[in-house]
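**Q** Build me a model:
(one chain, ligands or ions: 1)
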Amino acid sequence: MNGAVETVRPAVATLDPTERLLRSCRGESVDRPPVWLMRQAGRYLPEYRKLREGMGFLEMCQDVERAVEASLQPIQLVGSEAAILFSDIFTPIPAMGVEVDFQPGPTIADPIRSLEQIDKLRIPDPRESTPYVFEILRVLRAELASARIPVLGFAGAPFTLAAYLVEGKGSKDFAALKRMMYAAPEVLRALQSRLTEMVVGYLNAQIEAGAHVVQLFDTWAGLLGPAEYREWVLPVHAEIAARLERERAPLILYVNNGAHVLDEMLESGADVLSLDWRVDIAEAARRVGDRASLQGNLDPCALQQTREEIFASVRRISEAAQPARGHILNLGHGCLPDTPVEGVRAFTDAARALGEEQPRGA
Ligand code: CP3
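**A** Residues are numbered from 1 along each chain as shown. Purely as a prediction, here's the structure:
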């Protein structure tokens, strides 16, 4: 499926944003890297703050019209070239029987600590428990069809979801989770296994609803050392990668703070590895070569720079990523609420400016 040698390449100058993203994911030649930003819909946009006024975050995720609007804003306002489903990694969790509140990060009133609690976790058909997620994707796909802008779906990875479910809230070191890993491994294993079932069904339903690409967010997996990552995280990623409908939608795997587990990320079989800014992307590109594409990895704070500096940063990252079979321009983590809108616009403009240079693989 991946890395097939093509005998006839389409004229790279005519790529539309959907083809550019899909071809980059699969390591086929493109005119320039596609560009979008993690957490591109959000509080740095005055238009988002207005849309969100007087409404809870979860409520907004269930309001198809507003969620579609939030997903479209970064396309219309800052020139992003892919729309990501407006939702959260915790959207599918309440239907499992766990109460989640946002303040503003996810909090769990009754943290999961026992096998009895895990036995009670339900895995309903996501089309019935979160129909709005798939409706948002269908509407986005239809609205963006004429502009040929691709639509991304996503889910939180089991380890990161478990981190919050066990801890009850965000944390710097997730000590409760790590205690469980060492003191009650069978409990964490059961929880991850239940979450894996949920994630596979949820992502495949997003692909069925029209997601061109799906991204798995494992924000906290980088807390583990390489041996623990190999035991607790890699098999879960590999299972998810194997069970997704990837002929229809490639998989992007994001691990924050994952510079030390790049080889393990590669072993998961994901099509694209999304890297944070602590990774030397030149070295990562040499390591992955034709085995995976890369995504990233500008420091979100670097969007505070001047337009010229942002252009220079983007050119540097893009050149450094050349040895990888494909590259999607993105940040190393989510766009921060205090990001200047001008900085985001400069970032997407810088990607388009790369199109005037030597095409990759030509
Ligand atoms: O990328 C996008 O624009 C799409 C939407 C998206 C959100 N959350 C919307 C959101 C995505 C892909 C996420 C992923 C997510 N959510 C992750 C993984 C990626 C990462 O950032 O590490 C995690 C760990 C969460 C959990 C979460 N949700 C936290 C910790 C917070 C609070 C911190 C914050 O930045 O606000 C949220 C809330 C959240 N998720 C908001 C948005 C737009 C803010 C809600 C608001 O107040 O308007």
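**Q** Quick one: low-confidence residue ranges for the protein.
**A** 1-13, 357-362 (pLDDT under 70).
**Q** what's near enough to touch the residue most central in space within it?
**A** Residue closest to the mean C-alpha point of the chain, counted by Cα atoms, centre = their mean, is residue 215 at 3.8 Å. Neighbour list for residue 215: 84, 152, 153, 154, 251, 252, 253, 254, 274 [criterion: Cβ atoms under 8 Å, 6 or more residues apart in numbering]. For every residue, glycine as well, the C-beta is placed using N, CA and C.
**Q** Show me which of the residues you listed is closest to residue 342.
**A** Comparing the contacts of residue 215 against residue 342 with Cβ to Cβ places residue 84 closest, at 21.2 Å.
**Q** burial of the closest one, as a residue count?
**A** 24 (other Cβ atoms under 10 Å).
**Q** hey, what's it bridged with?
**A** Beta-bridge pairing for residue 84 (DSSP bridges): residue 152.
**Q** Residue 40 is in contact with that one, correct?
**A** Yes: counting by Cβ atoms under 8 Å, residue 84 does reach residue 40; the two are 6.7 Å apart.
**Q** how much space between residue 72 and residue 287?
**A** 36 Å (Cβ to Cβ, to the nearest Å).
**Q** Ok, residue 110 next?
**A** Look at residue 110 and residue 287: by Cβ to Cβ, they are 42 Å apart.
**Q** Write out the residues of the stretch 101-250 of the chain neighbouring the ligand.
**A** Residues of the stretch 101-250 of the chain found near the ligand (Cβ under 6 Å from any ligand atom) are 102, 104, 105, 106, 154, 170, 217, 219.
**Q** does the fifth one count as helix, strand or coil?
**A** If I follow you right, that is residue 154. Here residue 154 is recorded as strand under DSSP: H, G, I helix; E, B strand; the rest coil.
**Q** can you count the residues close to it?
**A** Here the number of neighbours of residue 154 (other Cβ under 10 Å) works out to 22.
**Q** near the ligand, which residues of the stretch 251-362 of the chain?
**A** Counting by Cβ under 6 Å from any ligand atom, the stretch 251-362 of the chain sits next to the ligand at 256, 334.
**Q** Just want the residue of the stretch 251-362 of the chain that's nearest the ligand.
**A** Nearest residue of the stretch 251-362 of the chain to the ligand (Cβ to the nearest ligand atom) works out as residue 334 at 3.9 Å.
**Q** Any chance of the backbone angles for that residue?
**A** Here is the backbone geometry of residue 334 (degrees, to the nearest 10): phi -70, psi 150.
**Q** now for the longest helix along the chain, which elements pack on it?
**A** Longest helix in the chain by number of residues (criterion: DSSP state H): helix 185-208. Helix 185-208 sits against helix 115-119, helix 126-129, helix 131-143, strand 151-156, helix 158-167, helix 175-183, strand 213-218, helix 234-243, with contacts defined as 3 or more Cβ pairs under 8 Å, 6 or more residues apart in numbering; DSSP states H and E.
**Q** 6 Å instead?
**A** Applying 3 or more Cβ pairs under 6 Å, 6 or more residues apart in numbering; DSSP states H and E, we find helix 185-208 packed against helix 115-119, helix 126-129, strand 151-156, helix 158-167, helix 175-183, helix 234-243.
**Q** Give me the contacts around that helix.
**A** Residues outside helix 185-208 that contact it (Cβ atoms under 6 Å, 6 or more residues apart in numbering): 92, 115, 118, 121, 123, 126-127, 137, 153, 155, 158, 161-162, 180-181, 214, 236, 239-240, 243-245, 248-249.
**Q** Same question for stretch 67-84.
**A** 17, 21, 34-36, 40-41, 45, 47, 51, 61, 86, 136, 139-140, 149-152, 344-345, 348.
**Q** if we can go back for a sec, now the longest helix of the chain and helix 158-167, what's the angle there?
**A** 130 degrees (axes from the mean of the first three to the mean of the last three Cα atoms, to 10 degrees).
**Q** tell me the angle of helix 185-208 relative to helix 131-143?
**A** 40 degrees.
**Q** Can you point out the buried residues in stretch 334-350?
**A** By 16 or more other Cβ atoms under 10 Å, the buried positions in stretch 334-350 come out as 334, 335, 339, 343, 344, 345, 346, 347, 348, 349, 350.
**Q** again, but for stretch 233-252
**A** 233-234, 236-237, 239-241, 244, 246, 249-252.
**Q** what about residue 144, how many neighbours?
**A** Residue neighbour count, defined by other Cβ under 10 Å, stands at 21 for residue 144.
**Q** Verify the contact between the residue of the stretch 251-362 of the chain closest to the ligand and residue 40 for me.
**A** No: taking contacts as Cβ atoms under 6 Å, residue 334 lies outside contact range of residue 40: 8.5 Å.
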